Structures are given as structure tokens and as C-alpha cells.
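Colleague: I need the structure of the sequence given here:
(one chain, ligands or ions: 1)
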Amino acid sequence: MTDRITVLGATGSIGRSTADVLSQHRDRFRVSALVAGQDAAGLARMARELGAEYAALADRSRHAELRAELSGSGIACGAGPSAVHEACSRDADLVVAAISGTAGLVPTRDALKPGRRVALANKESLVSAGQAFMAEAKRQGVPILAMDSEHNALTQALAAGCIEDVETLILTASGGPFRTWSSDRMAGATPAHTAKHPTYSMGAKINVDSASLMNKGLELIEAHHLFGVGPDRLGVVVHPQSIIHGLVQWRDGGVTAGMAVPDMRIPIAHCLGVERRLTIEVPRLDLAAIGSFTFEAPDEERFPCLRLAREALAAGGAMPAVLNGANEIAVQAFLDGRIGFLDIPAVVEETCRRRSGQGAAAPATIEEALALDGEARALAAELLQRREPSQLKIAAGASRSGERRPPRRV
Ligand SMILES: NC(=O)c1ccc[n+]([C@@H]2O[C@H](COP(=O)([O-])OP(=O)(O)OC[C@H]3O[C@@H](n4cnc5c(N)ncnc54)[C@H](OP(=O)(O)O)[C@@H]3O)[C@@H](O)[C@H]2O)c1
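Modeller: Model (predicted):
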């Protein structure tokens, strides 16, 4: 059996890990299409290596460069939104959705076609448009496979029982590079500091989200939509070794854990293998070498982004999309050196506060989600333009005292 695979976000961290797994099973997979944003050379190199049939860049202005890079290969290519749409529409059994941020919403929605599976890494599709996205997947009969390591671990652990018997789903967090930092120290953090993730090598945006724990908050919202579990039955625990990725607490007190070494190729292989596991070359778990596992409750005082995400999930309606849009603007401003690390939660909180009075139902379509996202971005950008982030009320609890306050359990 040969499966035809399309990878959206092929040149990114998840895309490259997917390419590694595909290249270990060339007899099993054929690459239908690869999509990236701007990196013509990286996309062309991967397309040649994997023998892809089609390569598309979102950035129309790079078309000539991509064509030149692929010349003589026989690989068809295009650039711009119609080329990305063409890539999403081509025949495929499985689409890996790994574009970063809300830029992934439309291509991931376009990938929902009968007769295929979608392996979802782009959590923003569920955070901004969870109801619309899951409803469309159901309408098209497309199974959504969780590629995020925590949700993939939960999928595997949930196979031990029925979803009705779940008391709590617990996501683990490594705690990120600032787990032991005081708020004072975090106030001076730079993008380079966020890139030093203790266990994963990832893209720039998710690095910042992991450092602020917004990533874990986005994952709570993702889990809510993927597994249909209410906010009161979702928890987070910090586990710095990142070996346990997700835990299912059953109603009889039993707990099933999903474990693996922290290597994204493992959940990727699980999604690609579907019915039968793939043999892949990754480090094996050596429990004796690790010695011990440790756990701690997340500290929402030092990491207010996690609290903001939980509040957005509890509020529902438009708030998760607003949170996500504001966060993308704030993270980009931090990466550009325009604001400090602790200004990220301040911008997100103030945007959510200003938008919350207006109410709004959860977006019923991707277009509605994008409209809300645009509104939140404009509001956050306006706050940034005032260029007085320190005058934004720094998110409550983001203590600058430098003292570590007692952590709260989520
Ligand atoms: N990295 C991880 O370990 C990890 C784990 C779980 C979930 N995720 C999720 O997976 C997604 C990707 O993360 P990542 O770390 O792989 O990000 P990344 O390294 O930044 O890669 C992003 C990919 O998206 C492409 N892209 C950006 N804008 C695009 C656009 N407008 N149209 C088409 N393609 C576009 C990029 O292309 P260019 O290279 O050309 O810019 C690149 O291929 C995110 O949603 C993240 O939250 C990541």
C-alpha cells in the first residue's frame, strides 16, 4: 500500500521532521504536494529529495526563484494563494497541517476533503475556529489526527478506555526555558533566550509561546475541541523531563500515561502510520538513564499567559480567537525587539479586556474566525502603536518582585 502525503509548512520544524520520517519509508509514501511560505530554496531541496509532484509557496513574488530552483526536476510548482489552494486540493490520503499561526487556517480548512485524513499540528486552526473547523471536518467525514505531542499522547492513552469514563485529561508542560526564572529576569528576556527550549527545537513563534506558557494555554483549547472535553476536566502539570506528554485520569482513579522521548518524529510517525506503527530511527526511551521524573504545578503568577488562555477557554465565544490574534501580534512585536517579554501578556490581556464587552458567538466559519482575528490584531497593534507597553497594566500577577510565589494548580 502506498499513501500519498501532502505537507503544509514543509520547510518548518514539523515539516522537516515529517520529511525525515517520510524519507525513512520511501516505499510506503509518495509525496503529492509540499507547501511553504517564502523559502524557495528549502522547499525545492525538499521537493527534490522526496520526489514531490508539486511544490507551492504562499509568497507570489518568489515564483521565479522556485521555478529556477526546480528546473530540470520535472516537479510542477506555483506561488500565491491559488497555488497553495491547488496543493491542498491535489489527491492525497493524508495532509500534514503544519503551517505556523493563523496563516494556516485557510489551507488547513482547504485540506478537509472526503477520503483523506488530516494530521493537525497547526493548533491555531482549533484555537481560533475550533467549532467551525471540527464541524467542517465532520461534514466532510475527515478524521483529525492529533500531531501535537501532548494530544497525540492523549489519543494513544485514550485507547485504554472510553471518553465517557474520563475524569480529567492532563497535558504536561516542560516549563520552557524560563521555568526557574524570576519575573525580573524574564522582563529582560530576548528572543535568543526563548530559542533555548530545554527539550525541543521548534519555530520562532512556538518558542516564544513555550517560554510564556501561552503554548500550553493554546493546547488546552486545542484539547477541548479535539476530545470534546469541558474546561473543568482539562489540567496542566509541569514535567521538565518531557517524557510523559499526556495523562488520562479515569473515573475509577486509574491513570494512563502517554510517554516517549521528546522527539516530534514519534507523534508524526504515529499519525502517518495510522493502523500499523512505523519502525523509525529515533532515540529509545531509557528510563534507568533518566533516573527520575519530577512534576510541579504551573505558576500562573509568573506565567499569566496560561491564565489568560484558560479564561478565554472558559469565556468561549469569540475570546479564544481574540486571544490568539492578540498573541500573534504581541509575539511578533517581541521577536522584532519592539516590546519586552512581559509586555506579551499585558497586550493580550488588554486586548481581551477591551473586546470582552462586545460579546460575540464562536465563529461559525473560518472566514468569521479570520474577521475576529483581524479585529483582535488591529486592537493589539493599536495598543502597541501607543508604544507605552509599560503603561499597559502589566497582567495581574506578573510580579516584578523577583520572588517566586506559590504556584497555583490548574
Ligand atoms: N515545532 C514543534 O515542535 C511543534 C510541536 C507541536 C505543534 N507545532 C505547531 O505546528 C505548527 C508549525 O510549527 P513549526 O515549529 O514547525 O513552525 P516553523 O518552524 O516556524 O515553520 C512554519 C512553516 O509554515 C510555513 N509558512 C509560514 N507562513 C506561511 C503561509 N502564509 N503560507 C504557507 N506556509 C507558511 C513556513 O514556510 P517558510 O519556511 O517558507 O517561512 C514553514 O514551512 C505551529 O502551529 C505550531 O504551533 C509545532
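Colleague: from here on, contacts and neighbour counts on C-alpha atoms
Modeller: Will do.
Colleague: What is the burial count for Thr351?
Modeller: Using other Cα atoms under 10 Å, Thr351 has 26 neighbouring residues.
Colleague: Look up phi and psi at it.
Modeller: Taking degrees, to the nearest 10, you get phi -60, psi -50 for the backbone angles of Thr351.
Colleague: now do Pro177
Modeller: The phi/psi pair for Pro177 (degrees, to the nearest 10) is phi -70, psi -20.
Colleague: wait, what's in contact with the closest residue to it other than its chain neighbours?
Modeller: Leaving aside its chain neighbours, Pro177 sits nearest to His197 (5.1 Å; criterion: Cα to Cα, 6 or more residues apart in numbering). Contact partners of His197, counting by Cα atoms under 8 Å, 6 or more residues apart in numbering, are Gly176, Pro177, Asn207, Ser210, Ala211.
Colleague: which of the residues you listed tops the neighbour count?
Modeller: That'd be Ala211 among the contacts of His197, by other Cα under 10 Å, with 27 neighbours.
Colleague: what's the distance between that one and Asp232?
Modeller: Distance, Ala211 to Asp232, by Cα to Cα, to the nearest Å: 24 Å.
Colleague: rewinding a little: tell me which of the contacts of His197 fall in helices.
Modeller: Mapping the contacts of His197 onto helices (DSSP state H) picks out Asn207, Ser210, Ala211.
Colleague: got the phi/psi numbers for the residue nearest to Pro177?
Modeller: Here is the backbone geometry of His197 (degrees, to the nearest 10): phi -70, psi 140.
Colleague: and of the contacts of His197, the nearest to Asp91?
Modeller: Asn207 (33.0 Å; Cα to Cα).
Colleague: which helices and strands sit right next to the longest helix seen in the chain?
Modeller: Taking DSSP H as the criterion, the chain has its longest helix at helix 366-385. When contacts are defined as 3 or more Cα pairs under 8 Å, 6 or more residues apart in numbering; DSSP states H and E, helix 366-385 packs onto helix 105-110, helix 124-140, helix 319-335, helix 343-356.
Colleague: how much does the third one deviate in direction from helix 366-385?
Modeller: Going by axes from the mean of the first three to the mean of the last three Cα atoms, to 10 degrees, helix 319-335 is angled at 40 degrees with respect to helix 366-385.
Colleague: quick check, helix 319-335 touching the ligand?
Modeller: No - taking Cα under 6 Å from any ligand atom as the criterion, helix 319-335 and the ligand are apart, separated by no less than 11.2 Å.
Colleague: Next one: the spatially most central residue of the chain from the ligand, what distance?
Modeller: Nearest to the mean C-alpha position of the chain, counting by Cα atoms, centre = their mean, stands Lys123 at 3.9 Å. Lys123 is 5 Å from the ligand, where distance means Cα to the nearest ligand atom, to the nearest Å.
Colleague: Look up the closest residue to that residue, ignoring the ones flanking it.
Modeller: Lys123 sits nearest to Glu222 (Cα to Cα, 6+ apart), 6.2 Å away.
Colleague: What helix or strand is the spatially closest residue to Asp263 that is not a sequence neighbour located in?
Modeller: The spatially closest residue to Asp263, leaving aside those adjacent along the chain, is Tyr200, at 7.2 Å (Cα to Cα, 6+ apart). According to DSSP states H and E, Tyr200 maps onto no helix or strand at all.
Colleague: Quick check: Tyr200 touching Val261?
Modeller: No - if you go by Cα atoms under 8 Å, Tyr200 and Val261 don't touch, sitting 10.4 Å apart.
Colleague: distance of Leu22 from Phe29?
Modeller: 7 Å.
Colleague: Kindly report the domain assignment for the protein.
Modeller: Under the assignment automatic domain parsing, the domains of the chain span 3-149, 152-391.
Colleague: quick revisit: for the ligand, see how far away the residue nearest to Asp263 is.
Modeller: Computed as Cα to the nearest ligand atom, the Tyr200 to the ligand distance reads 6 Å.
Colleague: So what's the residue count around that residue?
Modeller: Neighbour count for Tyr200, taken as other Cα under 10 Å: 17.
Colleague: what's the answer for Thr2, then?
Modeller: So Thr2, with other Cα under 10 Å, has 10 neighbours.
Colleague: surely it meets Arg28?
Modeller: Yes - using Cα under 8 Å, Thr2 is in contact with Arg28, at 4.8 Å.
Colleague: Quick check: buried residues in the helix or strand hosting Leu226?
Modeller: Assigned by DSSP H and E, Leu226 belongs to helix 214-227. Using 16 or more other Cα atoms under 10 Å as the test for burial, helix 214-227 gives 214-226.
Colleague: same check, this time on stretch 130-143
Modeller: The neighbour-count check on stretch 130-143 (16+ other Cα under 10 Å) flags Gly130, Gln131, Ala132, Phe133, Met134, Glu136, Ala137, Val142, Pro143 as buried.
Colleague: measure the third one to Ala369 for me?
Modeller: Taking Cα to Cα as the measure, Ala132 and Ala369 are separated by 9 Å.
Colleague: joint contacts of those two?
Modeller: Going by Cα under 8 Å, 6+ apart, residues that sit against Ala132 and also against Ala369 are Pro363.
Colleague: Is Ala211 in contact with Gly175, as I believe?
Modeller: Yes - the criterion here is Cα under 8 Å, and Ala211 meets it with Gly175 at 7.4 Å.
Colleague: most remote residue from this structure's center?
Modeller: Gly72 (35.7 Å).
Colleague: before we move on, back to that, out of the buried residues of stretch 130-143, which comes closest to Leu285?
Modeller: Scanning the buried residues of stretch 130-143 for proximity to Leu285, where the rule is Cα to Cα, the winner is Pro143, at 29.2 Å.
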